[in-house]
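Asker: coords please:
(one chain, ligands or ions: 1)
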Amino acid sequence: MAQNLQLTQFLNKVVLITGAAGGIGRAVARALLETGAIVCLGDVNTDGCEETVQPYLEKNKSAKHLIYALDVTNASSVKGFVDIVVATFGRIDCAFNNAGILSGSKPLADVDEIEYDKVVDIDMKGIFLCLKYEIPAMINTGDKGVIVNTSSTLGIVGDKLSAAYIAAKHGVVGLTRAAAMDYADQNIRVNALAPGLTQTAMTEHWLADPKYQGPLLSNIPMKRPAMPEEMVGMTLFLLSDASSYITGHVMTVDGGMTMQLKSKLRSEY
Ligand SMILES: NC(=O)c1ccc[n+]([C@@H]2O[C@H](COP(=O)([O-])OP(=O)(O)OC[C@H]3O[C@@H](n4cnc5c(N)ncnc54)[C@H](O)[C@@H]3O)[C@@H](O)[C@H]2O)c1
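Answerer: Numbering: from 1, shown residues only. Predicted coordinates:
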């Protein structure tokens, strides 16, 4: 079986993206618009989604896209997004479930229940709801589907002061593997992207503050954050036929952060 390795394979593919108003979601949405995909952008921030598509629309007025005021924590909002995409374009070929927020920096016992619930609702339950409605829509309207969920390096390793976020992002990995198992025999592939530190609205306050910037970058072998555009290659690879035999995996794109052995002795070399 020959694999399709061309980016043109996304031409007229219907791709749903959550968290498309900025950062990683915006970079992936713009890259997909360039390939000729039909991009459906969902976010609580619809003005940000308009900005995402603006440069592309200036070049190509006929580009097909859809913007939806989405709250990933709300089942009827997620179902409404999936329903309107199917009603408008007839199917969903790919989904990039990417909306997320950070938790505040504090030790676990200082995290209050309301903050914990908010982070877990958006970062983990949001992924559950997207999978719950996207997968049947893919099965009912096509012969295959591909999904990428955004986890984090903090979905595969621990760290200090981020209990709710770490729990939620580990949960995204669990949901990814569970969905991959449940639907592998129905031609649905589900993988996770685990970005390292990426320069977006989520992290700009840290990266702009010398107190945090030094320690953050010192943990990264490549000694710099990723730009959001550096998440595009892996995401499009996972959404494409080039990864046709890959499901249930977590792909780190982290400048080497999670592969290193951290010990005081070795860090002195
Ligand atoms: N920036 C990083 O260093 C980094 C590292 C690892 C993982 N991530 C993950 O990458 C994803 C994208 O983050 P980003 O860095 O691009 O940040 P970002 O803040 O630019 O993007 C997150 C998007 O999610 C949207 N969003 C928030 N709550 C929502 C809700 N309830 N419903 C719908 N949309 C909602 C926001 O409006 C925003 O557009 C997140 O899941 C984040 O956890 C980011």
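Asker: How about the residues of the chain by the ligand?
Answerer: 18-19, 21-25, 43-45, 48, 70-73, 98-101, 122, 150, 152, 195, 197-198, 200-203, 228 (Cβ under 6 Å from any ligand atom). In this view, the C-beta of every residue, glycine as well, is placed from N, C-alpha and C.
Asker: And the buried ones among those, selectable in PyMOL?
Answerer: Listed next is the PyMOL selection for buried residues among those, using 16 or more other Cβ atoms under 10 Å:
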select buried, resi 18+19+21+22+23+24+25+43+44+45+48+70+71+72+73+98+99+100+122+150+152+195+197+198+200+202+203+228
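Asker: Check what pLDDT residue 7 gets.
Answerer: pLDDT for residue 7: 75.
Asker: hang on, it packs against residue 32?
Answerer: No: between residue 7 and residue 32 there is no contact under Cβ atoms under 8 Å: 9.4 Å.
Asker: shared neighbours of those two, which are they?
Answerer: residue 236 (Cβ atoms under 8 Å, 6 or more residues apart in numbering).
Asker: Among the residues of the chain next to the ligand, which lie within strands?
Answerer: If you go by DSSP state E, the residues of the chain next to the ligand have 18, 43, 150, 195 in strands.
Asker: Any idea which helix or strand in the chain has the lowest mean pLDDT?
Answerer: For the chain, the helix or strand with the lowest mean confidence is helix 264-267, at a mean of 58 (criterion: mean pLDDT, DSSP states H and E).
Asker: Show me what the longest helix anywhere in the chain is in contact with.
Answerer: When the chain is parsed with DSSP state H, its longest helix is helix 163-183. Helix 163-183 has contacts (Cβ under 8 Å, 6+ apart) with 102-103, 107-108, 111, 115-116, 119-120, 122-124, 127-128, 131, 135, 139, 147, 149-152, 154-156, 158-159, 188-192, 194, 247-248, 250.
Asker: Try it again at 6 Å.
Answerer: The contact list for helix 163-183 (Cβ atoms under 6 Å, 6 or more residues apart in numbering) reads 102-103, 108, 111, 116, 119-120, 123-124, 127-128, 131, 135, 149, 151-152, 154-155, 190, 192, 247-248, 250.
Asker: Buried members of the residues you listed into ChimeraX, please.
Answerer: To isolate the buried members of those in ChimeraX, using 16+ other Cβ under 10 Å:
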select :102,103,111,116,119,120,123,124,127,128,131,135,149,151,152,154,155,190,192,247,248,250
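Asker: Sort out which of the contacts of helix 163-183 are in helices and list them.
Answerer: 116, 119, 120, 127, 128, 131, 135.
Asker: contacting residues for residue 130?
Answerer: 78, 97.
Asker: in this structure, what spans have low per-residue confidence?
Answerer: 263-269 (pLDDT under 70).
Asker: switch the cut-off to 90
Answerer: 1-8, 56-63, 212, 261-269 (pLDDT under 90).
Asker: name the element residue 146 belongs to?
Answerer: Per DSSP states H and E: residue 146 is located in strand 145-150.
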